[in-house]
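> Here is my input; please provide its structure:
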Amino acid sequence: MCPLCTTELVYKKGVKYYQKFEAAHIYPLNPSQAEIEILKDVPRLSEDVNNLDNFIALCESCHHKFDNPRTREEYIYINKIKKSLLERSKLRSNYHYFQLEDELMKIIRNLINETNYDEDSKLDNKALKIDGKISVFSLISF
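Below you'll find the model as predicted:
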């Protein structure tokens, strides 16, 4: 959805999805002298205007309104929205990373606490086919 007006930015037709958004530069690609002046001390998400951090998906109408004329207040507002989206994306990425770490910790704990360990059993580095590995892991309860 467009972060300004909530218009859908993607639509489905049959089994395919299509975009109906425009990639808007937050800090302008080729700022006019007036834009340089009004944006001279505002925070930027990237010094490179073509960095993905400096783009936001907007519907065509909101993109046009944002660019014509560009105001300091709108720039600051859009910049905050994009910063929030970047932070949310980073948190989501970290969340998935830590969930994987939790799963690995469960496996390690179960291997350490394996109660069926036989004194005569020895660990080896024998390569197993996938089927052999699956049967070993099916014994471990999560």
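> Identify all contacting residues around stretch 67-76.
Stretch 67-76 has contacts (C-beta atoms under 8 Å, 6 or more residues apart in numbering) with 24, 26, 27, 28, 35, 38, 39, 42, 66. Every C-beta, even on glycine, is put in place using the N, C-alpha and C of the backbone.
> what pLDDT does the fourth one get?
Just to be clear, that refers to residue 28. At residue 28 the predicted local confidence, pLDDT, stands at 96.
> Which residues are in contact with it?
The contact partners of residue 28, by C-beta under 8 Å, 6+ apart, come to 35, 39, 49, 67, 70.
> Distance-wise, check the residue most central in space within the chain relative to residue 56.
The central residue of the chain, meaning the one whose C-alpha is nearest the mean C-alpha position (C-alpha atoms, centre = their mean), is residue 89 at 3.5 Å. As for residue 89, its distance to residue 56 is 13 Å (criterion: C-beta to C-beta, to the nearest Å).
> List just the nearest of the contacts of residue 28 to residue 104.
The shortest approach to residue 104 among the contacts of residue 28 belongs to residue 49, at 40.6 Å (C-beta to C-beta).
> Surely the closest one is in contact with residue 39?
No - proximity of residue 49 to residue 39 does not meet the contact threshold set by C-beta atoms under 8 Å, at 11.4 Å.
> Which residue of those two possesses the greater neighbour count?
Remark: of residue 49 and residue 39, residue 39 carries more neighbours, 19 against 15, as counted by other C-beta atoms under 10 Å.
> Chain neighbours aside, what residue packs nearest to the more buried one?
residue 75 (5.9 Å; C-beta to C-beta, 6 or more residues apart in numbering).
> so for the helix or strand where that neighbour lies, what's the average pLDDT?
Here residue 75, judged by DSSP states H and E, is contained in helix 72-112. Model confidence over helix 72-112 averages 82 on the pLDDT scale.
> hang on, the earlier thing: give me the number of neighbouring residues for the residue nearest to residue 39.
The criterion is other C-beta under 10 Å. On that basis, residue 75 has 20 neighbouring residues.
> Next: the one 4 residues further on.
Residue 79: 19 surrounding residues under other C-beta under 10 Å.
> Next: residue 59.
When neighbours are counted by other C-beta under 10 Å, residue 59 registers 21.
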